[in-house]
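fold the following, please.
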Amino acid sequence: MKILARTGLLAVIIAAAFAGPLARAQDGAKNPVVAVVDGSKITLSDIERIRGQLPPQAQAYPMSMLFDFVIGNIVNTRLVANEARRTGLAEDAEIKRRLAGIEAQVLEQEYMSRQLAGQVTDAKLKARFQAFLNENPSRDEVHARHILVKTEAEAKAVVERLRAGEKFEKLARQLSTGPSGKNGGDLGYFTADRMVPPFSAAAFEIRPGNYTEKPVKTRFGWHVIKVEDRRATKAPSFEASKARMREEMRKTLSDEIIAGLRKKAQVEIFGPQGRPGGKKAK
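Numbering: from 1, shown residues only. As a prediction, this is how the structure comes out:
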């Protein structure tokens, strides 16, 4: 477990032991007691909860590898905490203040977790996904190259050289003043709204494999455009979008819950100097 220790997971494990959604009550056979520290039980669900809060690369380890490392650190933490209580440290005013902060975080996380559990469902996510598809229908996009020069005369000269059989990509590298010139003028795929109107209008009228016989003027200069391909945009799948939509929905619902609580509460914020008149906010 030296790899885990080097990645700083010890701190994560200790923090996770005091925060995160609480483990739900489970049947004893499914949630056995895996250790006892001075009468305080540690269950398998405690280990699983902490495992679920580790970085993905750590979660990939099998439980057989993680168990000793996790349980060892939990036991050590509880032993030291018990000794701190025995010496009266838990009664220190500053420690009480910090413990109250940790308690508030745990309560916040668990309350929000329970509130959102029944609201962020697959059915609602699918409805959200369908609404997204309705608002973002498939559109055409083209894969194009261009050669950008300063004057119409220069652009017409480029067209003549193309007619004579010179390669578009080679001319783009030699003559184009645009940043894509070094890549043979390649702009990749884009939809009409991604480019300035005169450029898009011309590009979407060209059949794949052809170039503009008449140069196109924009505020950037004069363009000779070649279209390599045209296709319809492909919508993402529900499965590919599910995780992102879940987080977005959780964020939206969380914001709504907090906004509702703020409306019912009296909140005063005084800034870093404390209360007006020199009195610090409690």
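
for the stretch 151-282 of the chain, give me the ranges with low pLDDT.
Residue ranges of the stretch 151-282 of the chain with pLDDT under 70: 277-282.

try 50 this time
Within the stretch 151-282 of the chain, the segments meeting pLDDT under 50 span 280-282.

ranges for the strands of it?
Along the stretch 151-282 of the chain, counting by DSSP state E, counting those that start in this stretch, strands occupy 186-191, 216-218, 221-232.

would you turn the ones you listed into CSV with distance to E48 and mean neighbour count?
Glycine gets a C-beta too; all of them are placed from N, C-alpha and C. Listed next are these as CSV, based on distance: least, C-beta to C-beta, whole Å; neighbours: other C-beta atoms under 10 Å:
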stretch, distance to E48, mean neighbour count
strand 186-191, 44, 15
strand 216-218, 59, 16
strand 221-232, 45, 19
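
first to last residue in stretch 145-156, what's the distance?
16 Å (C-alpha to C-alpha, to the nearest Å).

give the buried residues for that stretch.
Buried residues in stretch 145-156, defined by neighbour count with 16 or more other C-beta atoms under 10 Å: R145, H146, I147, L148, V149, E154, A155, K156.

in its sheet, what does the stretch of helix or strand L148 belongs to sit against?
According to DSSP states H and E, L148 maps onto strand 140-149. With DSSP bridges as the test, strand 140-149 is paired with strand 186-191 (antiparallel), strand 221-232 (antiparallel).

can you list contacts of the last one?
Going back to what we said before, that points to strand 221-232. For strand 221-232, contacts defined as C-beta atoms under 8 Å, 6 or more residues apart in numbering pick out 138-152, 154-155, 158-159, 162, 168, 177, 185, 189, 199, 202-203, 206-212, 215-217.

just the first one next, same as before
The list of residues contacting strand 186-191 from outside it, by C-beta under 8 Å, 6+ apart, reads 139-146, 169, 180, 229, 231, 233.

distance to L107 added to these, as TSV?
Formatted as TSV, the contacts of strand 186-191 follow (distance: C-beta to C-beta, whole Å):
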residue	distance to L107
R139	47
D140	52
E141	49
V142	54
H143	54
A144	56
R145	59
H146	58
E169	62
S180	54
D229	56
R231	52
T233	45
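
okay, now P208: neighbour count?
13 (other C-beta atoms under 10 Å).

for it, phi and psi?
Note on P208: its backbone torsions stand at phi -50, psi 140 [degrees, to the nearest 10].

T121: which of the contacts of strand 186-191 is nearest?
If you rank the contacts of strand 186-191 by distance to T121 using C-beta to C-beta, T233 comes first, at 28.4 Å.

residue contacts, the closest one?
T233 touches S138, R139, D140, E141, T191, counting by C-beta under 8 Å, 6+ apart.

those residues, buried ones only, as a PyMOL selection?
Only the buried entries of the contacts of T233 go into this PyMOL selection, using 16+ other C-beta under 10 Å:
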select buried, resi 141
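
would you list the contacts of T233 in a markdown table and tack on distance to R49?
Formatted as a markdown table, the contacts of T233 follow (distance: C-beta to C-beta, whole Å):
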| residue | distance to R49 |
| --- | --- |
| S138 | 43 |
| R139 | 45 |
| D140 | 49 |
| E141 | 46 |
| T191 | 45 |
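
list the contacts for G72?
Contacts of G72 (C-beta under 8 Å, 6+ apart): none.

in which helix or strand would I find it?
helix 63-86.

pull out the buried positions in that helix.
L66, F69, V70, I71, N73, I74, T77, R78, A81.

same question for stretch 178-197.
For stretch 178-197, by 16+ other C-beta under 10 Å, it's G178, S180, G181, G184, G185, D186, L187, M195.

among these, list the two that are farthest apart in space.
G184 and M195 (17.9 Å).

show me where the stretch 151-282 of the chain has its helices.
For the stretch 151-282 of the chain, applying DSSP state H, counting those that start in this stretch gives helices covering 152-163, 168-175, 197-203, 238-264.
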